[in-house]
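Enquirer: Need a 3D model of the following:
(one chain, ligands or ions: 1)
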Amino acid sequence: MPPTLTTRTGGQIAPIIPALAALRCQVFRDWPYLYDGDEAYERRYLRIYADSPRAAVIVATDGDEIVGASTCLPLTDETDAVTAPFLARRIDPARVFYFGESVLREDHRGRGTGVAFFAAREAHARASSVCDFAAFASVIRPPDHPARPSGHTGLDAFWTRRGYTRRDGLICHMAWKDVGDAAETEKPLVFWMKSLTGAPLP
Ligand SMILES: CC(C)(COP(=O)(O)OP(=O)(O)OC[C@H]1O[C@@H](n2cnc3c(N)ncnc32)[C@H](O)[C@@H]1OP(=O)(O)O)[C@@H](O)C(=O)NCCC(=O)NCCS
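Expert: As a prediction, this is how the structure comes out:
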């Protein structure tokens, strides 16, 4: 059976932050994120969703256990690092609903939850906003990165099938410590966008 999905908003988000922080640290250790996560930092970061009245977390559960989650919020409630590339391209952040991350424990993958995460976030964005676009960001790693697994296909085809288009001119930067590194380094992330209303992509 695939996990059960529930959309949490408002005051329903704060109680699950510790579980989400742990899940993110576990899942994002893998390629291409290689994130040497810190749960205390994660809990602070995830407050952004608890504090945003129109944010949602789609939670995947197996019985009582949280095995996956997918986040979204209006871009206007995101940090300057995320909104800056939109402002630089004169795209009004008020037109964009930002999809944070999807994480699913490995033993629950391949049963349609990733597809359902997108459908649930798009439904939430349409129900709670008049945003024209959904957008998310994907880390760019050099083609010759030593940790790249051989034969890795990545998620580009999956995102394209969901109707998203890579916008090469929209790049933001985020810093984190890669597994095995001593210090944080900054990484570029490219945005992918989809029209929710039929408005042409900027
Ligand atoms: C992304 C993720 C949530 C997808 O979850 P999932 O439940 O396994 O996905 P689904 O079963 O709905 O499969 C969706 C599609 O993606 C493909 N797919 C899933 N995981 C894939 C992977 N790791 N590599 C390549 N393709 C993958 C499936 O073949 C399927 O193809 P379709 O479009 O023809 O249906 C999950 O793989 C995950 O947690 N990955 C690690 C974190 C991550 O990369 N998150 C995304 C960016 S934040």
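Enquirer: I'd like to know which helix or strand in the chain has the lowest mean pLDDT.
Expert: Taking mean pLDDT, DSSP states H and E as the measure, the helix or strand of the chain with the lowest value is helix 39-50, at a mean of 94.
Enquirer: and the helix or strand just after that one, how far from the chain's centre?
Expert: Where DSSP states H and E defines the elements, the next helix or strand beyond helix 39-50 is strand 56-62. Here the centre of strand 56-62 is set off from its chain's centre by 13 Å, with Cα atoms, centre = their mean, to the nearest Å.
Enquirer: Just the buried residues of stretch 100-113, please?
Expert: Of the residues in stretch 100-113, those buried by neighbour count under the rule 16 or more other Cβ atoms under 10 Å are 100-105, 113. Every C-beta, even on glycine, is put in place using the N, C-alpha and C of the backbone.
Enquirer: Please apply the same query to stretch 123-130.
Expert: 124-125, 128-129.
Enquirer: what would these look like in JSON lines with distance to the ligand, pLDDT and secondary structure?
Expert: As requested, the buried residues of stretch 123-130 are arranged in JSON lines below (distance: Cβ to the nearest ligand atom, whole Å; pLDDT from 0 to 100; DSSP: H, G, I helix; E, B strand; the rest coil):
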{"residue": "His124", "distance to the ligand": "17", "pLDDT": "98", "secondary structure": "helix"}
{"residue": "Ala125", "distance to the ligand": "16", "pLDDT": "98", "secondary structure": "helix"}
{"residue": "Ser128", "distance to the ligand": "21", "pLDDT": "98", "secondary structure": "helix"}
{"residue": "Ser129", "distance to the ligand": "21", "pLDDT": "98", "secondary structure": "coil"}
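Enquirer: Relative to Ile17, which of those is nearest.
Expert: Comparing the buried residues of stretch 123-130 against Ile17 with Cβ to Cβ picks out His124 as the nearest, at 18.3 Å.
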